[in-house]
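**Q** please work out how this folds:
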Amino acid sequence: MSNSSPQLGYLLKHAQSLLHLRMDEALKPLDLTVSHYSCLYRLRLEPGISAAALARRTFVTRQSMNVMLQQLIDRELVTRPAQADSGRALPAVLTPAGDAALDAAQALVDAVEQRMLSALTPGDSAALARGLAACVDSLAE
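**A** Predicted coordinates:
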């Protein structure tokens, strides 16, 4: 790669930073952040997941996840039992209001993603998705 061409890793990080910024801007009217959205999204996929597992899947620390869950509980978007059935984990689940908030957020996030991909053909988008998935797999090994 020549010195005048940006490295792929830099371009990927730049795209990720801009995607995060645009998603935060889009979610602001809902008083949600990208981290809130990610949390709600994962809770829909994995109801009852522990806070520790949720933190890992949303790329935040356990402490940050506990703060975020409390914020979402205070807004009545998420609920957790006062006591664990067994062990120490308090499983978190979306409330009906959380489901509605996630639906609204998902529409906004989808619009940002469509904007990001607007210069690509459907084939290019599919190739990008396959390539990024392969990169994730390679680095996860």
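**Q** ok, for the residue most central in space within the chain, nearest residue in space, not its chain neighbours?
**A** For the chain, the residue nearest the mean C-alpha position is Ser38 (2.8 Å; Cα atoms, centre = their mean). Spatially, and ignoring its direct neighbours in sequence, Ser38 is nearest to Thr58 (4.2 Å; Cβ to Cβ, 6 or more residues apart in numbering). Heads up, the C-betas are built off the backbone N, CA and C, glycines and all.
**Q** neighbours of that neighbour, how many?
**A** If you count neighbours by other Cβ atoms under 10 Å, Thr58 ends up with 20.
**Q** what's it in contact with, if anything?
**A** 35, 38-39, 42, 65 (Cβ atoms under 8 Å, 6 or more residues apart in numbering).
**Q** in CSV, list those along with pLDDT, secondary structure and distance to Asp74.
**A** Shown next, in CSV, are the contacts of Thr58 (pLDDT from 0 to 100; DSSP: H, G, I helix; E, B strand; the rest coil; distance: Cβ to Cβ, whole Å):
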residue, pLDDT, secondary structure, distance to Asp74
Ser35, 96, helix, 15
Ser38, 97, helix, 18
Cys39, 97, helix, 14
Arg42, 97, helix, 19
Met65, 94, helix, 15
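**Q** and those as JSON lines, adding distance to Gln106?
**A** Shown next, in JSON lines, are these (distance: Cβ to Cβ, whole Å):
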{"residue": "Ser35", "distance to Gln106": "15"}
{"residue": "Ser38", "distance to Gln106": "12"}
{"residue": "Cys39", "distance to Gln106": "13"}
{"residue": "Arg42", "distance to Gln106": "13"}
{"residue": "Met65", "distance to Gln106": "20"}
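**Q** can you list the weak-confidence ranges in the protein?
**A** Low-confidence segments of the chain (pLDDT under 70): 1-5, 83-89.
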